[in-house]
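Student: Give me the fold of what follows.
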Amino acid sequence: MRTIHYDDALGRWVYHEWKPPLLAGLVDRLWYSSGSAVFPRKRIFPNGMVELLVTLGEPMRLVEGRGIDRFIAGTLSGLHSVPLTLEMGASQETLGLRLRPAGAYALLARPMGELSDRTLNLDELVGRVARELAEKVHGAASITERFQLVHDWVRARIAQARAIEPAVAWSGRRSSAAPARCPSPRCAPRPASRRRAW
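Tutor: Sure, this is the predicted structure:
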């Protein structure tokens with residue numbers, strides 16, 4: 001687990017993240033953030049991931065974007081093509097699960113098109129277990145325990161889910177890998193042209 005402490009003109013907070021090896025290819029990372037920011041509004045840019053959030057502190061509000069107005073308990077934000085703007089309270093405490101598209105599909109068993117450019121209550125997608133998860137995470141004694149709870153919940157749901165189509169799984173692995181290398185000479189970078197002295 002990696003921990004970063006911030007204390008500057010923009011605010012003061014702590015950030016933890018963990019990349020669980022058993023969920024590699026499906027989950028990008030689990031993260032936790034707690035603290036306060038000088039500016040209440042935050043702009044979130046598209047990153048090609050699906051974000052599951054558990055709000056542990058004051059609810060955040062969606063100012064720009066489609067979906068629910070307030071982030072209470074469990075929230076899911078789908079793949080976005082435009083930025084979102086959130087408004088936070090004086091203090092903020094949130095746990096996040098950043099899912100790769102293949103992981104979101106395995107967890108929710110829904111086409112990503114149904115979630116695109118939308119922010120939804122998690123219980124609308126998975127039922128009352130979303131609130132149960134949020135309550136367990138809220139009651140956990142440490143960040144490590146919170147991460148483990150979400151990790152185990154994801155593994156259990158994915159184990160019960162129907163198998164991912166091989167083509168979808170392959171595409172998900174390719175999109176999350178390092179930039180592809182093209183074997184064709186046409187892809188080779190061209191040598192820098194020398195500037196002619198006149």
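Student: by contact count, what packs against the helix ranked longest in the chain?
Tutor: As far as residue count goes, and with DSSP state H defining each element, the longest helix of the chain is helix 143-160. Where contact means 3 or more C-beta pairs under 8 Å, 6 or more residues apart in numbering; DSSP states H and E, helix 143-160 is packed against strand 11-18, strand 27-37, strand 92-99, helix 101-108, helix 129-139. C-beta coordinates here come from the backbone N, C-alpha and C atoms, glycine included.
Student: Go ahead and produce PDB holding the CA coordinates of the fourth one.
Tutor: Meaning helix 101-108. These are the backbone C-alpha positions of helix 101-108, laid out as PDB (Å, rounded to 0.1, in the frame of the first residue of the first chain):
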ATOM      1  CA  PRO A 101     -14.100  -1.800 -18.100                       C
ATOM      2  CA  ALA A 102     -13.800  -5.600 -18.000                       C
ATOM      3  CA  GLY A 103     -13.900  -5.500 -14.200                       C
ATOM      4  CA  ALA A 104     -17.000  -3.300 -14.200                       C
ATOM      5  CA  TYR A 105     -18.700  -5.700 -16.600                       C
ATOM      6  CA  ALA A 106     -17.800  -8.700 -14.500                       C
ATOM      7  CA  LEU A 107     -18.900  -7.000 -11.200                       C
ATOM      8  CA  LEU A 108     -22.200  -5.500 -12.500                       C
END
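Student: buried ones in the longest helix of the chain?
Tutor: Along helix 143-160, the positions that meet the burial threshold by neighbour count (16 or more other C-beta atoms under 10 Å) are 143, 146, 147, 149, 150, 151, 153, 154, 157, 158.
Student: Pretty sure the fourth one sits against residue 139.
Tutor: No: counting by C-beta atoms under 8 Å, residue 149 stays clear of residue 139, with 9.4 Å between them.
Student: Now do residue 50 against residue 31, distance only.
Tutor: Per C-beta to C-beta, to the nearest Å, residue 50 is found 14 Å from residue 31.
Student: Now the common contact residues for these two.
Tutor: Overlap between the contact sets of residue 50 and residue 31, as judged by C-beta atoms under 8 Å, 6 or more residues apart in numbering, is given by residue 98.
Student: Those two - which one has more neighbours?
Tutor: Neighbours of residue 50 and residue 31, each counted by other C-beta atoms under 10 Å, are more numerous for residue 50; the result is 24 against 20.
Student: Is it correct that residue 69 is in contact with residue 63?
Tutor: No: applying C-beta under 8 Å, one finds residue 69 not in contact with residue 63, separated by 9.2 Å.
Student: And these two? Which one has more around it.
Tutor: More neighbours surround residue 63 than the other of residue 69 and residue 63, with 14 against 11 (other C-beta under 10 Å).
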